[in-house]
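> give me a model of this one.
(2 chains)
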Amino acid sequence: MNTLLEVRHLSKRFGSFDAVQDLSFTVYEGDVFGFLGQNGAGKSTTIRMLLSLVRPTSGTIRVFGKELSEAREEILLKTGAIIENPDLYPYLTGFENLRLFARLGRVDASRLVLMKKLEQVGLASRAHDAVRTYSQGMKQRLGIAVALVQDPLLVVLDEPTNGLDPQGIVDIRNLILRLNREEGKTFLVSSHLLSEVELIANRMLIIDKGRKIAEGAVRELIDPERVLLELETTDAAATVLFMQASRWSDALRPSTSDRLMLDISRDDVPRIAQTLVEQGIGIRSMKPVNSLEAYFLSLTNTTTHVATGRD
Amino acid sequence: MWPLVGIELFKIFRKPRTFIAFAAVAAIVGLIQLGFYVDGESYMRFGMQALTDSFQVEGKVLNGYLMAYIILQTLLVHVPLLIALVAGDMISGEAGLGTLRLLAARPLSRTSLILSKFIATSVYTLALLIWMAVWALLVSMLLFGTDDMLILKSEVVTQILEKDILWRYLAAFGFAALALLTVAALAFFLSLFAENSIGPIMATMSIVILFTILNTLNLPIFNSLKPFLFTTHMLGWKGFFDVQVNEANEQIIGSVENLPAVLRSAGILLLHIVGFLAATVFIFRRKDILS
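I've put the predicted structure just below:
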C-alpha cells in the first residue's frame, strides 16, 4: 500500500484553545478514509490544515510523498476538496461555477467533460440555471463536482452529505464508492455520523476534542458481530442488578438515562430478552444504537452514568 | 496570473451590483446636465454677477468643459462609495459565500490570488472612471458645445483657452484614477477582515467622510494633519486647471502653476495604493482561512 497522506504530530492552537492536538494518521492510496468526530472535534480545522488554509502550530503534513509547506501548489493540483457547505457563486450557473473552478485548477476542460462531471452528480439538467435557484442538496452536489473537476488523486470531502435528503445521501455515497472502485480515487471523508462512515470507508480515524481516539480498519474498529443495544425495561434498577450478576456483567456501558446500554454479541440479543422476561422484567424497547456518541461509550469500560448533554 | 485576472473580471461583471455604479454615474451626471441645460444660463448669470459688473464676458461660458469641471468636482466625492461597493466585496464577499476557502485550496499562490483580485478591482475602477469621463466630458461637449473655460474661485478667475483644455482633462482623469484606486485599495484592504461586504464598504466610506470633514475644517489642530490625509491629495487633479501666466498676464499654454505639488500629491496617493496592497498581501499570505 502506497502512503498518500501522512500526518505526524499535527497541532493547532487558536489563542489558548487547542483545536487539534498531536494528531497523527496515515491515508493509503485507494482508501476511502473516514474521518469521524462530533461537531467541534477538530475535523474541519484538520482538513483546513491539510489544504493549507490554516497554518499548523506544529507537526508535519506529507502528501504524495512531499511536504505540504514546501510543495503546496504541486500537491493541491492533485487534490480536490470541498470544505463544509459552500454557496459557490449564486449569480453564476452551475456550469459556469464548474468551469471557473476548473480553470483555477489549471484544467482546460471541454464543455463535454464539464457536462459529464455535472451528470455524475445529477445536475446536468440544471447546469444552466443560476446557483441561487439550487437547493442546499444541489449546491452540495455541485461542490462535489467542483472537487472532482481537476481529476484529483486525493479527494477531501468535509461533511459531504450535510443538508442532503435521504436519496441525496445514498447518491453521494454511491458516487464516492464508484469513483473509488472504478477510477481508483482516494477519499478522505469527514463526518459526524458513524453509520455513514461505516457504509463507505475501509479505514477510519476518530477524533474527540482534537485528539485521536482510534485509527484503523473499519472492520477492526467496528465488529459486525457485536451490537450496541439500548434497552428500556419496566424496572431499570432490577435490570442492572440482574445484569451485574449475570454472565453479561461486562456488557454494561455508561448510559445517559434510565435506558441501559449493552455492548453484546448479536447472538446474545434474543437470549438476554428471553432471560429478562423469565426474571419478570418487562421489556419496553430494545434497539441497536449506531451513533458516534454510542461508539465512544462502547470504547469505555465503566458502568457509571455519564452526562452528555442529551438529557 | 492573467487568466486569474480574467476570472475575477468575469465574476465582477456578472454581479448585478457592479452595474449599480455605472447606472448611478449615468443618472447623476444626466441629472446635472439636464438641470444646467434647462436653468444653466440664469444660474451662471447669478454666479457671475460680481464678475460681469466689472468685466465684459464674451462667448459661451456654460460650455461642455465647464460642465465637466462642475461634474467632476461634485462626483469625485461620491464615486468612492461606488468604488467601495465592489472593492469592499472582493475578499469579504468570497468569505461570506464560502468560496474563499475553495479559491485558497486551489493550486494558486495566495499572492497571485490577491494580486489578480486587485488588478480586476483596478480595471473596474478605471472602467467606471472612463464611463464617468464619457458622460461628464464627451456628452457635455455634445450638449453644451465648447469654448474657453472660465473657472471661478473665491478670489480668482482663471481663463483657460479652448485649445489648452483637453490635455488637462486627460491629466485630471489620470490623476483621478490614482485617487479612486487609493479608495479601492483601502476598501480592498479592509475587505480582508470581514465576512460580508457591508463592514468594509461602511468603514471605507466612514474613513473617506471623516478625512474629508477634517480637510474642510480650517482649525490649526487639523491643519497639521491634512498633509497626511489621502483625501487632501485626492483633489490634486484641480491643479491641472491652475495655469501659469507670463509677465503680460497672459496664459502660458501647456503650463501648470504648481506642477511639483500636483506630482507630490500623485506620489503620495501612489504610495498609499502600494502600502494598502502590500499590507493586504502580507496579511493574506499568513491568514488562517476560517470562513
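
> going forward, measure contacts between C-alpha atoms and count neighbours the same way
OK.

> got the contact list for the residue of the stretch 151-291 of chain B found nearest chain A?
Relative to chain A, the nearest point of the stretch 151-291 of chain B is B:D288 (4.4 Å; C-alpha to the nearest C-alpha). Taking C-alpha atoms under 8 Å, 6 or more residues apart in numbering or on different chains, we find B:D288 in contact with A:53-55.

> and stretch A:119-137, average pLDDT?
Taken as a whole, stretch A:119-137 has an average pLDDT of 90.

> typo on my end, stretch A:182-190
93.

> could you work out the end-to-end span of that stretch for me?
Distance between the two ends of stretch A:182-190: 21 Å, counting by C-alpha to C-alpha, to the nearest Å.

> check stretch A:149-162 too.
With C-alpha to C-alpha as the measure, stretch A:149-162 spans 21 Å from end to end.

> contacting residues around it?
A:4, A:44, A:47, A:77-85, A:98, A:101-102, A:105-107, A:114, A:117, A:140, A:144, A:147-148, A:168-169, A:172, A:185-192.

> same question, stretch B:165-173
B:65, B:129, B:133, B:149, B:237-238, B:240-241.

> give me the element the residue nearest to A:A124 when sequence neighbours are not counted is part of.
In space, not counting the residues next to it along the chain, A:A124 is nearest to A:L118; the distance is 5.0 Å by C-alpha to C-alpha, 6 or more residues apart in numbering or on different chains. Assigned by DSSP states H and E, A:L118 belongs to helix A:111-120.

> what helices or strands is that helix leaning on?
Based on contacts counted as 3 or more C-alpha pairs under 8 Å, 6 or more residues apart in numbering or on different chains; DSSP states H and E, the elements that helix A:111-120 packs against are helix A:94-104, helix A:136-148.

> report the angle between the first one and helix A:111-120.
Going back to what we said before, that points to helix A:94-104. Compare the direction of helix A:94-104 with that of helix A:111-120 by axes from the mean of the first three to the mean of the last three C-alpha atoms, to 10 degrees and you get 120 degrees.

> buried ones in the helix or strand where B:L186 lies?
B:L186 belongs to helix B:166-190 when assigned by DSSP H and E. Buried residues in helix B:166-190, counted by 16 or more other C-alpha atoms under 10 Å in any protein chain shown: B:168-169, B:171-190.

> sitting in helices, which of the contacts of B:D288 do you find?
When DSSP state H is applied, the contacts of B:D288 are split such that none fall in helices.

> pick out the most distant pair among the contacts of stretch B:165-173.
Longest distance between any two of the contacts of stretch B:165-173 is 22.0 Å, between B:L129 and B:M149; criterion C-alpha to C-alpha.

> wait, what's in contact with A:F35?
Applying C-alpha under 8 Å, 6+ apart to A:F35 gives the contacts A:43, A:188-191, A:197, A:204-207.

> typo on my end, B:A68
B:A68 makes contact with B:136-137, B:140, according to C-alpha under 8 Å, 6+ apart.

> now the buried members of the residues you listed.
B:136-137, B:140.

> any chance of the residues you listed in CSV with distance to A:E67, pLDDT and secondary structure as columns?
Output for the buried ones among the contacts of B:A68, formatted as CSV (distance: C-alpha to C-alpha, whole Å; pLDDT from 0 to 100; DSSP: H, G, I helix; E, B strand; the rest coil):
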residue, distance to A:E67, pLDDT, secondary structure
B:A136, 56, 91, helix
B:L137, 57, 93, helix
B:S140, 61, 93, helix
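
> Throw the residues you listed into a markdown table and include distance to chain A, thanks.
What follows is the buried ones among the contacts of B:A68, written out as a markdown table (distance: C-alpha to the nearest C-alpha, whole Å):
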| residue | distance to chain A |
| --- | --- |
| B:A136 | 31 |
| B:L137 | 34 |
| B:S140 | 35 |
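
> identify, from those, the entry nearest to B:E250.
B:L137 (25.9 Å).

> and the residue nearest to the closest one when sequence neighbours are not counted, what helix or strand is that in?
In this structure, B:L137 finds its nearest non-sequential neighbour in B:A68, 5.0 Å apart by C-alpha to C-alpha, 6+ apart. B:A68 is located in helix B:64-87, with elements delineated by DSSP H and E.

> check which residues of that helix are buried.
B:64-69, B:71-72, B:75-77, B:79-87.

> off-centre distance for it?
How far helix B:64-87 lies from its chain's middle: 6 Å, per C-alpha atoms, centre = their mean, to the nearest Å.

> dump the helix or strand following it to CSV, restricted to CA.
Sequence order places helix B:92-97 as the next helix or strand after helix B:64-87, per DSSP H and E. Provided in CSV are the C-alpha atoms of helix B:92-97 (Å, rounded to 0.1, in the frame of the first residue of the first chain):
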residue,chain,number,x,y,z
SER,B,92,-15.2,39.6,2.2
GLY,B,93,-17.8,38.6,-0.3
GLU,B,94,-15.9,35.4,-1.1
ALA,B,95,-15.5,34.7,2.6
GLY,B,96,-19.3,35.1,3.1
LEU,B,97,-20.1,32.8,0.2
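
> nice, that's everything, thank you.
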